[in-house]
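# Sharing a model prediction with you, sequence too.
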Amino acid sequence: MKITNHQQLPEPLYQAIVQQSQAHSVGKADISCTQLIDAPLIAWLWRNYGDSVEEDASVYPVGGTASHRLWALYGSLAHKILEAYQGDGLHVETEAITEVDGFRVSGHLDLLVFPDGTIQDYKFTSAWTVAAAKKDGKIEWERQLNVYRFLLQHDPSLNFAAVRHLQIVAMLRDYGPRHVSEGLKPVEVLDVPLWEDEQVETYIKERVRLHQAAMGKEIPPQCTPEERWANKKGEDKRCDSYCAFGKQQLCPYRE
């Protein structure tokens with residue numbers, strides 16, 4: 001992927017985003033946790049068209065909203081600060097790799113682990129996202145943290161005690177006075193459901209099966225409505241405004 005700088009970010013910020021994008025590889029694994037949870041079609045598009053696609057460092061072309069790459073950089077800055085002031089928690093920044101049905105699944109973990117078996121993952125996110133998560137949960141966070149737990153406890157090179165609690169520490173990047181009346185705080189600690197071992201293993205095995213089936217040249221099935229962020233109006237928000245492959249007509253399912 002080519003990272004452009006059409007909005008003329010200061011060079012240090014632009015280079016940081018480029019370097020951060022290049023650093024997120026699967027290394028010795030076959031697939032990352034993020035890719036595993038995401039649509040097999042997206043992984044297939046990356047393998048086949050990743051060198052052809054462009055994305056701006058700071059702004060999405062449609063709608064002019066801030067790019068996830070810029071938000072990810074802000075989140076990394078917050079993690080760096082937290083490393084120096086972790087308190088009673090043990091900061092863990094490591095790669096965990098576990099083989100599942102012949103597929104090596106990796107996760108680059110940047111977490112706080114506490115003696116009581118609690119894992120905390122820090123998110124730099126929007127007030128709207130947190131409000132929705134407090135009301136209905138957020139399945140993406142639930143899947144991510146449970147897969148992380150599985151990788152931590154099954155990587156033979158690591159030695160972690162049993163994980164008993166999962167939490168997201170959400171830092172609201174757009175918090176303001178209006179959010180007080182909505183019952184939101186600048187930082188929200190959200191408990192994440194801890195899956196039974198059998199449930200998380202079954203989930204990972206099914207995702208591995210779907211991704212293994214998409215490893216060839218044959219085009220995988222279209223992303224599900226959930227993966228396309230389909231709304232009640234019939235709009236596929238991810239495809240229309242956020243997916244680089246969809247916007248640049250590289251996805252075979254886009255007209």
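In hand now; what should we look at? Note that the structure is predicted; figures quoted are calculated from it, not measured.
# and C251, what does it touch?
C251 sits next to 41, 45, 239, 243, 245 when contact means C-beta atoms under 8 Å, 6 or more residues apart in numbering. The C-beta positions use only the backbone N, C-alpha and C, and glycine is treated the same way.
# ok, the nearest residue to the first one once chain neighbours are set aside - how many residues close by?
It stands for L41. Once flanking residues are discounted, L41 sits nearest to P220: 4.7 Å by C-beta to C-beta, 6 or more residues apart in numbering. Look at P220: counted by other C-beta atoms under 10 Å, it has 19 neighbours.
# so which helix or strand takes in P220?
Element membership of P220 [criterion: DSSP states H and E] is none; it lies in no helix or strand.
# quick one: it and E227 touch, right?
No - contact criterion C-beta atoms under 8 Å: P220 and E227 do not qualify, at 11.4 Å.
# on that earlier part again, contact partners for the residue nearest to L41?
Per C-beta under 8 Å, 6+ apart, neighbours of P220: 39-41, 44, 213-214.
# I168 versus that one, what's the distance?
30 Å (C-beta to C-beta, to the nearest Å).
# Also E198?
From E198 to I168 the distance is 23 Å (C-beta to C-beta).
# swap in T224?
23 Å.
# okay, those two: which has more neighbours?
A direct count of neighbours by other C-beta under 10 Å for T224 and I168 places I168 higher, at 22 against 10.
# Give the buried residues for the helix or strand hosting the more buried one.
Using DSSP H and E, the element containing I168 is strand 165-172. Residues 166-172 are the ones in strand 165-172 that count as buried (16 or more other C-beta atoms under 10 Å).
# and stretch 200-216, which residues are buried?
200, 203-204, 207-208, 210-211, 214.
# repeat for stretch 144-156
Buried residues in stretch 144-156 (16+ other C-beta under 10 Å): 144-155.
# List the contacts of that stretch.
33-34, 36-37, 96-98, 105-107, 109, 111, 119, 121, 158, 160, 162-163, 166, 168, 192-195, 197, 199-201, 203-204.
# CA-only coordinates of that stretch in CSV, if you can.
As requested, the backbone C-alpha atoms of stretch 144-156 are provided in CSV (Å, rounded to 0.1, in the frame of the first residue of the first chain):
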residue,chain,number,x,y,z
GLN,A,144,-10.3,-9.3,20.0
LEU,A,145,-9.7,-9.6,23.8
ASN,A,146,-10.8,-13.2,23.9
VAL,A,147,-8.6,-14.2,21.0
TYR,A,148,-5.7,-12.3,22.7
ARG,A,149,-6.3,-14.3,25.9
PHE,A,150,-6.2,-17.5,23.9
LEU,A,151,-2.9,-16.6,22.2
LEU,A,152,-1.3,-15.5,25.5
GLN,A,153,-2.2,-18.7,27.2
HIS,A,154,-1.4,-21.1,24.3
ASP,A,155,1.9,-19.6,23.0
PRO,A,156,4.5,-22.2,24.2
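# Generate TSV for the buried residues of strand 165-172, with distance to V180 and pLDDT as supplementary columns.
Below are these laid out as TSV (distance: C-beta to C-beta, whole Å; pLDDT from 0 to 100):
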residue	distance to V180	pLDDT
L166	28	95
Q167	23	95
I168	21	95
V169	20	92
A170	16	94
M171	16	92
L172	12	94
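# Please enumerate the strands of the stretch 101-250 of the chain.
Secondary structure of the stretch 101-250 of the chain (DSSP state E, counting those that start in this stretch): strands located at 103-113, 118-125, 165-172, 187-192.
# closest to W71 out of those strands?
Shortest distance between W71 and these, using C-beta to C-beta, is found for strand 118-125: 6.4 Å.
# Show me what counts as buried in the closest one.
Buried, per 16+ other C-beta under 10 Å, within strand 118-125: 118-125.
# one step back: which residues are in contact with both of P220 and E227?
Joint contacts of P220 and E227 (C-beta under 8 Å, 6+ apart) are A39.
# Perfect, that will be all.
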